[in-house]
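Enquirer: Make a model of this:
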Amino acid sequence: NGAMGATGQTALGGYSLPMVAGYFRKSLNLPAPNITDVVVHGPGNQPGDGSQDTDATGEVLLDICMAAGIAPKAKFVMYFTEFTEQGWVDCITSAVTATNAPSVVSISYGNPEDGPAGDILWTQQAITKVNEAFQRAALAGITISVAAGDQGSTEDLPDHRQHVDFPASSPWVLSCGGTRIIASQGVINRETVWNDGPQSATGGGISALFAVPTYQAGSNVPPSVNPGHRLGRGVPDVASLADPETGVNVVFPDGSVQPIGGTSAAAPLWSGLIARLNQGLGKPVGFLNPVMYKSMATGVLRDITEGDNGAYKAGPGWDACTGFGSPNGTRLLTALKSLTS
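Expert: Coordinates of the predicted model:
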């Protein structure tokens, strides 16, 4: 099964990787996932108590639960680093250039790519370095799934303009938006754009930094609603369940059950699914975007046509809330097998 990498910030907040593997075995009746940790910078896999702002307990645990719940036999490598730009650049570079590089990388982190001074955490130099690493990954056949953001089309910046997150805005990644699902007895009755308000809604929109990639040229990506109405990379490409109100229940190692959502759930869900697709195909799907936009724009994913994330509305086909929609694993595998044959 395809190996998978994920980026964490500091530590697991009281739960070491062996403990997480153990709860899979005992609580979920699933095989314990094969997890290895790699320390790029900082203390690595040293659980904290959750009191620090940079404690990524919930994020790291959610990544493992979502991806390993879908692809329990995959080999997981968790990359730990410091919460700095250099730490982030080094972490991504280490993952995609590793000797045994993963076939899938899951990233549940993002910050606005642009905005008022003092409100963004990215510099142009760091964005360039990370994007170059993503391009190398795409050329090497690595799929990178990235969370599109959880604060609507403004990303909660105070300038009353619309923003997208980086690294979700990179043209070399599979950007994952979020939906709200109403289901009964395992059957989805209704699926809409996740939007519970400006501070709890899927990210999405038009990049202020990256041009429209070639693969999006025929997808009717709209101009930005910001002044100047720039044409740019449309975010996201796909989506899946993210609304915390209809989200996933994660069983913590202490036995408690806590609901979690966000596009931080959507990215590892897609990563786990892609690992399964890789297994079904017998080879990595690699950089999926060009194939998806050319050959799977209709009839493969569940098209989400209801809702908005603030400035952008869902509609038939690609939109700046949920991309082409939510996954249907069977149809995806069938479509990919047809293309490879």
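Enquirer: Now the strand or helix carrying Gly177: average pLDDT?
Expert: Per DSSP states H and E: Gly177 is located in strand 174-184. In this model, strand 174-184 carries a mean pLDDT of 95.
Enquirer: ok now that strand, how far from the chain's centre?
Expert: 12 Å (Cα atoms, centre = their mean, to the nearest Å).
Enquirer: A helix includes Ser264, no?
Expert: Yes - with DSSP: H, G, I helix; E, B strand; the rest coil as the criterion, Ser264 is part of a helix.
Enquirer: In this structure Val250 contacts Gln258, no?
Expert: Yes - the pair Val250 / Gln258 is scored as a contact, 5.7 Å apart, by Cβ atoms under 8 Å. Every residue, glycine included, has its C-beta placed from N, CA and C.
Enquirer: between the two, which one's more packed in?
Expert: When Val250 and Gln258 are compared for neighbours, Val250 comes out ahead with 19 against 13, by other Cβ atoms under 10 Å.
Enquirer: Please name the spatially closest residue to Gly329 (chain neighbours excluded).
Expert: Distance criterion Cβ to Cβ, 6 or more residues apart in numbering; nearest residue to Gly329, sequence neighbours excluded, is Leu273 at 5.7 Å.
Enquirer: Count the residues that sit near Ala117.
Expert: Ala117: 5 neighbours (other Cβ under 10 Å).
Enquirer: do Ser175 as well
Expert: Neighbours of Ser175 (other Cβ under 10 Å): 34.
Enquirer: And for Gln279?
Expert: Gln279 has 17 nearby residues by other Cβ under 10 Å.
Enquirer: element containing it?
Expert: Per DSSP H and E: helix 263-281 holds Gln279.
Enquirer: same for the following helix or strand past that helix, what does it pack against?
Expert: Using DSSP H and E, the helix or strand that follows helix 263-281 towards the C-terminus is helix 289-295. Helix 289-295 sits against helix 329-340, with contacts defined as 3 or more Cβ pairs under 8 Å, 6 or more residues apart in numbering; DSSP states H and E.
Enquirer: Could you look up the next helix or strand downstream of the strand holding Gly177?
Expert: strand 187-193.
Enquirer: next structured bit after that following strand?
Expert: strand 205-206.
Enquirer: contacting residues around that next one?
Expert: Defining contact as Cβ atoms under 8 Å, 6 or more residues apart in numbering, one finds that strand 205-206 is touched by 153, 162-164, 221-226, 230-235, 309, 311-312, 320.
Enquirer: Just the buried ones from these?
Expert: Neighbour counting by 16 or more other Cβ atoms under 10 Å classes 153, 162-164, 221-222, 224-226, 232-235, 309, 311-312, 320 among the contacts of strand 205-206 as buried.
Enquirer: Not counting sequence-adjacent ones, nearest residue to Met66?
Expert: Closest to Met66 by Cβ to Cβ, 6+ apart is Pro268, at 3.9 Å.
Enquirer: Run a quick neighbour tally on the one you found.
Expert: For Pro268, using other Cβ under 10 Å, the count is 30.
Enquirer: For it, list the residues it contacts.
Expert: Ala6, Leu62, Asp63, Ile64, Met66, Ala67, Ser106, Ser108, Ser145.
Enquirer: What helix or strand is the fourth one located in?
Expert: Element membership for Ile64 (DSSP H and E) is helix 57-70.
Enquirer: by contact count, what packs against that helix?
Expert: Partner elements for helix 57-70 (3+ Cβ pairs under 8 Å, 6+ apart): strand 4-8, helix 17-27, strand 75-80, strand 248-251, helix 263-281.
Enquirer: pLDDT weak spots in the stretch 151-300 of the chain?
Expert: Low-confidence segments of the stretch 151-300 of the chain, defined by pLDDT under 70, span residues 252-253.
Enquirer: mind checking the end-to-end distance for stretch 143-155?
Expert: 25 Å (Cα to Cα, to the nearest Å).
Enquirer: I'd like the numbering to begin with 21 instead of 1 from here.
Expert: Understood, numbering begins at 21; the last thing we discussed is stretch 163-175.
Enquirer: ok now it, how far from the chain's centre?
Expert: On Cα atoms, centre = their mean, the centre of stretch 163-175 falls 7 Å from that of its chain.
Enquirer: In strands only, show me the buried ones among the contacts of strand 225-226.
Expert: Gly254, Val255 (DSSP state E).
Enquirer: so Gln278 sits in a strand?
Expert: Yes - with three-state DSSP as the criterion, Gln278 is located in a strand.
Enquirer: Give the burial count for Gly62, as a bare number.
Expert: 18.
Enquirer: Pull the contacting residues for the closest residue to Pro247 other than its chain neighbours.
Expert: The shortest distance from Pro247 to any non-neighbouring residue, by Cβ to Cβ, 6+ apart, is to Arg181 (7.9 Å). Contact analysis of Arg181 by Cβ under 8 Å, 6+ apart lists Gly135, Thr174, Asn246, Pro247.
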